[in-house]
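In: A predicted structure for the sequence below; I have some questions about it.
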Amino acid sequence: MAEATKVKKLFQKTLFGVFSLFGFIALSMSALCIYTVDTHLSEEYVSNSQDIAKTIADSSVDIMLNRNLAALQSLVDQFVEIQGIKYIYITNETGEFLVHTFVPGIPDEVLSADPMNTASVERTLPGMGDFVEVGAPILAGVAGTVHVGMDTSLIALKIQRAIGRQIYLISGVFLVGVFAAIWLVNLAAKPLNALLAYAVELARQGQAAAGEPAVLERNDEVGQLARLFLYMARQNSGDEPAKAPA
């Protein structure tokens with residue numbers, strides 16, 4: 001038992017290196033997957049929001065020209081039912097809010113923002129959450145702008161779903177790799193244990209008492225070392241040495 005423990009100590013650094021390598025690969029792949037999926041979904045999210053804002057802008061031209069605010073409110077209420085859209089508001093060319101879907105009222109963060117800005121911005125609205133807001137001009141901004149707020153928590157949920165299966169797969173590979181590494185190290189340690197036991201027996205009782213164990217018949221480095229030990233034992237015992245092992 002003590003001999004086996006000594007041999008296994010030789011592979012402690014090897015096992016630690018293997019475990020560290022598997023852990024690094026698992027963490028790296030997880031981080032890369034999260035970053036890739038997050039970037040892809042965020043870009044797709046913003047692109048879809050811009051398309052929706054443009055659709056609303058194109059659909060509201062005639063309504064705004066007729067000053068039919070009831071029909072305009074009905075239009076934005078229909079689009080806010082789309083998954084991910086949390087709020088929509090439309091302003092005229094002077095920045096006045098014409099219609100919106102905020103309940104009970106427009107948040108101060110939205111009121112203080114530039115209504116003519118159609119670039120993508122990130123907003124945190126108290127009591128509502130985090131959003132990505134995009135805008136689209138109506139008649140090139142002459143008639144006003146449309147702003148659409150998309151809930152970013154939906155992105156996080158999709159990322160969790162997309163990454164979850166990959167994390168499970170990576171974790172499974174990691175566990176299999178760890179057990180495989182332990183099995184391979186034990187497999188490599190077994191002939192070394194036999195060699196160590198043979199060397200100890202050879203040192204205690206001499207080459208005559210050591211017999212011809214199976215370790216001498218091996219064709220690998222362990223067998224070569226065993227034959228070398230036997231050759232040296234015969235020299236030290238004063239017997240006529242056989243041909244030196246290759």
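Out: Nice, thanks for sending it over. Numbering: from 1, shown residues only.
In: for Lys55, what are its contacts?
Out: Careful, residue 55 is Thr and not Lys. Phe79 (C-beta atoms under 8 Å, 6 or more residues apart in numbering). The way it works is simple: take the backbone N, C-alpha and C, and place the C-beta from them, glycine included.
In: how close does it sit to Val146?
Out: 9 Å (C-beta to C-beta, to the nearest Å).
In: could you do Phe97 as well?
Out: Going from Phe97 to Val146 by C-beta to C-beta gives 12 Å.
In: what's the answer for Ala181, then?
Out: Ala181 is 58 Å from Val146, by C-beta to C-beta.
In: so what's the residue lying closest to Leu139 once chain neighbours are set aside up against?
Out: Leaving out its chain neighbours, the residue that sits closest to Leu139 by C-beta to C-beta, 6 or more residues apart in numbering is Val61, at 6.2 Å. Val61 sits next to 138-139, 143 when contact means C-beta under 8 Å, 6+ apart.
In: before we move on, what about Leu65?
Out: Ala143 are the contacts of Leu65 under C-beta under 8 Å, 6+ apart.
In: backbone phi and psi for it, please?
Out: phi -60, psi -30 (degrees, to the nearest 10).
In: give me the pLDDT value at it.
Out: Confidence at Leu65, expressed as pLDDT, is 73.
In: helices of this structure, residue ranges please.
Out: Remark: helices assigned in the chain by DSSP state H are 2-9, 12-59, 61-65, 69-79, 108-111, 153-210, 221-237.
In: and these as a markdown table, adding distance to Arg123?
Out: Listed next are the helices of the chain as a markdown table, based on distance: least, C-beta to C-beta, whole Å:
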| stretch | distance to Arg123 |
| --- | --- |
| helix 2-9 | 59 |
| helix 12-59 | 12 |
| helix 61-65 | 24 |
| helix 69-79 | 18 |
| helix 108-111 | 6 |
| helix 153-210 | 13 |
| helix 221-237 | 67 |
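In: ranking those by mean pLDDT, which is last?
Out: When I compare the helices of the chain, helix 2-9 is least confident, with a mean of 51.
In: so Leu41 is in contact with Leu157, correct?
Out: No - using C-beta atoms under 8 Å as the test, Leu41 is too far from Leu157 to be in contact (10.1 Å).
In: how much space between the residue most central in space within the chain and Phe174?
Out: Among the residues of the chain, the one closest to the centroid is Ser30, at 1.4 Å (C-alpha atoms, centre = their mean). Relative to Phe174, Ser30 is positioned 10 Å away (C-beta to C-beta).
In: what does Ile90 give?
Out: For Ile90, the distance to Phe174 - C-beta to C-beta - is 52 Å.
In: repeat that for Phe19.
Out: Distance from Phe19 to Phe174, by C-beta to C-beta: 9 Å.
In: out of the helices of the chain, which is closest to Asn117?
Out: helix 108-111 (11.5 Å; C-beta to C-beta).
In: quick check: buried residues in that closest one?
Out: Buried residues in helix 108-111, defined by neighbour count with 16 or more other C-beta atoms under 10 Å: Val110.
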